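# Got a predicted structure here, sequence first:
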Amino acid sequence: MRVNDYHFRDTWLLSAPVRTVFDAVTDVAGYPLWWPDVREVTRLDDDTAQLVCRAALPYVLVIRMRRAEQDPDRGRLRVHLTGDLEGSLAAVVLGRPGGTRLEITQRVLATKPLLRTLSPLARPVFRANHALMMRRGRRGLQHHLSAAGAR
């Protein structure tokens, strides 16, 4: 494995129905409403969006997400990533007692020159930054879903 290859697995436990969670995570344009690290989303076509992300570290990632699979009946979502990160993200939305389990798997190659240059030394810091971004995403989504349910 190259030093700028990353594999992330995250599980979000959410107290909302499966379909509600699926609809929220497939509405990429809505991410900035609940995910503080997704600063901007631009729809490029029916299957592609460009995201501008920034977590705790002082750099921005520009990532294009192209839908490869979106199956609400099976709770499956998969996108191809290009730009500052190249690779894929897959998600499975599963029912659980009291809500939903969202399992997210990302396999990416950091292509942004800054990340490629610093990966040999800063890899643990980049991984921590990613973990922080995902924690804030989970909390933001839970709050967003709770507020939507209260309306």
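Now that the structure is in, tell me what you want to look at. Residues are numbered from 1 along each chain as shown.

# Leu57 is in contact with Val125, correct?
Yes. Using C-beta atoms under 8 Å, Val125 is in contact with Leu57, at 7.1 Å. (Glycine included, C-beta is placed from N, CA and C.)

# quick one: which of the two has more around it?
Between Val125 and Leu57, Leu57 has the larger neighbour count (other C-beta atoms under 10 Å), namely 18 against 13.

# residue ranges for the strands of this protein, please.
Ranges of strands in the chain, per DSSP state E, are 5-14, 38-45, 48-53, 61-71, 76-83, 85-96, 99-110.

# will you turn those into a markdown table that also has distance to Ser119, mean pLDDT and mean neighbour count?
Below are these laid out as a markdown table (distance: least, C-beta to C-beta, whole Å; pLDDT from 0 to 100; neighbours: other C-beta atoms under 10 Å):
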| stretch | distance to Ser119 | mean pLDDT | mean neighbour count |
| --- | --- | --- | --- |
| strand 5-14 | 9 | 97 | 15 |
| strand 38-45 | 23 | 98 | 14 |
| strand 48-53 | 17 | 98 | 18 |
| strand 61-71 | 14 | 98 | 16 |
| strand 76-83 | 17 | 98 | 18 |
| strand 85-96 | 12 | 98 | 18 |
| strand 99-110 | 6 | 98 | 18 |
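
# Turn those strands into CSV, including distance to Arg135.
Listed next are the strands of the chain as CSV, based on distance: least, C-beta to C-beta, whole Å:
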stretch, distance to Arg135
strand 5-14, 9
strand 38-45, 14
strand 48-53, 14
strand 61-71, 17
strand 76-83, 20
strand 85-96, 16
strand 99-110, 12
